[in-house]
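Student: Following is a predicted model, sequence given first.
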Amino acid sequence: MNPENTHKNKKYNVVIHGASSFTGKIILEYFLENYPPNERLKWAISGRNYDKLDASLKKIIGDKSLDNEIPIIIADSKDRASLDELTMSTDVILSTVGPYAKYGSELVSACAKNGTDYCDLAGESQWIQKMINKNQQIAEQTGARIIHACGFDSIPFDIGVFALQKHAIEKLGAPLKKITTLVRAMRGGASGGTIASILNIIDETKNNRDMARSVSDPYALNPPDKKTGPDKRDEKTYKYHSQLKTWVAPFIMAGINTRIVRRSNALLEYMYGDNFSYTEFTDCGKNTKGRLRAILITSSLGLFFLFSSFRTTKKHIVQRFLPKPGEGPDRKNRINGFFKLKVYGEAESSGQLSMTITGDQDPGYGSTSKMISETALCLAVDKINISGGFWTPASALGEKLLKRLEENAGLKFKVDESL
């Protein structure tokens, strides 16, 4: 289907689904502050509980007056009829209702069926693969453009690699053969939604060998005919990175980010090269302090996964001490948060490039909410020349989303000098 024909005068441009959730409220506040509804941009909020949605809206608006009322739509993840009605009313659905493997499948299917664009915060690779397998052909037929992983996992990483590769092609005449992203620094509360998603992945894969094998496959999210490449399974221990001269530890979100980046490359017809390699780590620093920090992070991650694998320890330790869905940092801590990534690239013949990526709020909530909001708006109002199907942020929105992130969402992508 011609992408220009997918938006046919629907009632709304965007509907924020799950607007009374913790993240949904932050997104709602972002829309109200930066994109109040008007004749050119019509948006609404949705969820299963009218009173909660209405209370969230009134709390944020306070005494302020709006030129246009914000409609509230009732739709339940278990009520397909309500989801069909919801998706037929709007160009784009922005969904915050996770864990998505538990609550998101019917909504994605409804979007695919009704030709509605969709974006979410899913970091559950096994569920994303399931959605692609089930709905790809339908989305291609209806023109629905569906994009998962539109928060901190995986937009900065996916768009960062895309931007650095574009620069490499322009400067060096060829893409970089290998890229490594180091998470240099982060400040902000742990995301209860991300933790819930990880726990759900552990539960689903514990007694399902096929799913466990799929989750560990570095090319699991690639199209069926493009599932090969040089990368192996994710790193599970610390090490000294001799090329970057620093101690590194596994990064907990590498499992989804790396697969999104590899899928982007495949969907971009191997713009990064058919032998492109991509990895991610937490940068722990140099010398003895760096080594000790790498050991501590690796050990902590190991204990988290171990305790999460058993019902008793998960209930009494993991779920007791870590934030639950709907919990997160207050406004002050979100605004005072930040993140910094360093992206290193090696060229095939000679030459190296690097990029610094920064975000001006905490990654799990403040920055994530701005990222997915700009993704939804990019789908809704920008001219995106792609057809229906399952895409990634970079393969679908590329430079247009990069521009939105820098102009509106507080992200900076700065290409550095050679190493």
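Tutor: Nice, thanks for sending it over. Note that the structure is predicted; figures quoted are calculated from it, not measured.
Student: from what I can see Pro363 touches Val183, true?
Tutor: No. Between Pro363 and Val183 there is no contact under C-beta atoms under 8 Å: 9.3 Å. The C-beta positions use only the backbone N, C-alpha and C, and glycine is treated the same way.
Student: list residues touching both of the two?
Tutor: Residues within reach of Pro363 and of Val183 at once, by C-beta atoms under 8 Å, 6 or more residues apart in numbering, are Phe339.
Student: What helix or strand is Thr279 located in?
Tutor: In the assignment (DSSP states H and E), Thr279 maps to strand 277-285.
Student: go on, Leu306?
Tutor: Per DSSP H and E: Leu306 is located in helix 287-308.
Student: by how many degrees do that helix and strand 277-285 diverge?
Tutor: Relative orientation of helix 287-308 and strand 277-285, computed by axes from the mean of the first three to the mean of the last three C-alpha atoms, to 10 degrees: 110 degrees.
Student: residues making contact with helix 287-308?
Tutor: 198-199, 202, 236-240, 246-250, 252, 282, 284-285, 313-314, 317-318.
Student: how far does the helix or strand following it sit from the chain's center?
Tutor: Downstream of helix 287-308, the next assigned helix or strand under DSSP H and E is helix 311-313. When distances are taken as C-alpha atoms, centre = their mean, to the nearest Å, helix 311-313 is centred 29 Å away from the chain's centroid.
Student: Counting by contacts, list what helix 311-313 packs against.
Tutor: Taking 3 or more C-beta pairs under 8 Å, 6 or more residues apart in numbering; DSSP states H and E as contact, there are no helices or strands that helix 311-313 lies on.
Student: which outside residues touch it?
Tutor: Helix 311-313 is contacted by residues Leu306, Phe307 when judged by C-beta under 8 Å, 6+ apart.
Student: same thing with stretch 36-54?
Tutor: For stretch 36-54, contacts defined as C-beta under 8 Å, 6+ apart pick out 11-21, 24, 28, 31, 35, 56-57, 66-77, 86, 89-90, 97, 377, 380-381.
Student: in this structure, which residue is closest to the centre?
Tutor: What sits nearest the mean C-alpha location of the chain, by C-alpha atoms, centre = their mean, is Ala149, with 2.5 Å.
Student: Am I right that that residue sits in a strand?
Tutor: No. Assessed with DSSP: H, G, I helix; E, B strand; the rest coil, Ala149 is coil; it does not lie in a strand.
Student: Verify the contact between Gly229 and Arg262 for me.
Tutor: Yes. Taking contacts as C-beta under 8 Å, Gly229 lies within contact range of Arg262: 6.7 Å.
Student: out of the two, which sits in the more crowded spot?
Tutor: When neighbours are counted by other C-beta atoms under 10 Å, Arg262 comes out ahead of the other of Gly229 and Arg262, with 26 against 19.
Student: For my notes, confirm the more buried one occurs in a helix.
Tutor: Yes. Arg262 forms part of a helix when assessed by three-state DSSP.
Student: how close does it get to Pro218?
Tutor: Distance, Arg262 to Pro218, by C-beta to C-beta, to the nearest Å: 7 Å.
Student: How about the contacts made by Ser20?
Tutor: Counted by C-beta under 8 Å, 6+ apart, Ser20 has contacts Gly47, Asn49, Lys52, Leu53, Ala55, Ser56.
Student: Just give the nearest non-adjacent residue to it, would you?
Tutor: Setting aside the residues directly before and after it, Ser20 is nearest to Lys52 in space (C-beta to C-beta, 6 or more residues apart in numbering), at 4.0 Å.
Student: can you pull up the bridge partners for Gly359?
Tutor: Applying DSSP bridges to Gly359 yields these beta-bridge partners: Phe339, Leu411.
Student: what's the neighbour count on it?
Tutor: 26.
Student: Leu28 too?
Tutor: Here the number of neighbours of Leu28 (other C-beta under 10 Å) works out to 27.
Student: I'd say it and Ala55 touch.
Tutor: No. Look at Leu28 against Ala55 with C-beta under 8 Å: they stay out of range, at 11.6 Å.
Student: What's the local residue count around Ile73?
Tutor: If you count neighbours by other C-beta under 10 Å, Ile73 ends up with 21.
Student: Could you do Arg213 as well?
Tutor: Neighbours of Arg213 (other C-beta under 10 Å): 11.
Student: Give me the contacts around stretch 160-170.
Tutor: Residues outside stretch 160-170 that contact it (C-beta under 8 Å, 6+ apart): 174-176, 179, 181, 261, 264, 271-272, 278, 341, 343, 345, 347, 353-355, 357, 394, 398-399, 402, 413, 415.
Student: Give me the nearest residue to Tyr272, chain neighbours excluded.
Tutor: Asn265 (4.4 Å).
Student: Could you point out which residue ranges in the protein have low pLDDT?
Tutor: Scanning the chain with the threshold set as pLDDT under 70 gives 1-8, 63, 65, 67, 189-191, 325-326, 417-419.
Student: go again using 50 as the cut-off
Tutor: 1-6, 419 (pLDDT under 50).
Student: need the strands for it, in chain order.
Tutor: With DSSP state E, the ranges of strands along the chain come out as 12-17, 43-47, 72-74, 90-95, 117-120, 145-147, 176-187, 239-241, 246-249, 277-285, 338-347, 352-359, 389-391, 411-415.
Student: Tell me the gap between stretch 93-100 and the middle of its chain.
Tutor: Worked out by C-alpha atoms, centre = their mean, stretch 93-100 lies 11 Å from the chain centre.
Student: next one: stretch 103-120
Tutor: The answer for stretch 103-120 is 16 Å, by C-alpha atoms, centre = their mean.
Student: for stretch 85-104, same thing?
Tutor: 15 Å.
Student: Compute the first-to-last residue distance for that stretch.
Tutor: End-to-end distance of stretch 85-104: 16 Å, with C-alpha to C-alpha, to the nearest Å as the criterion.
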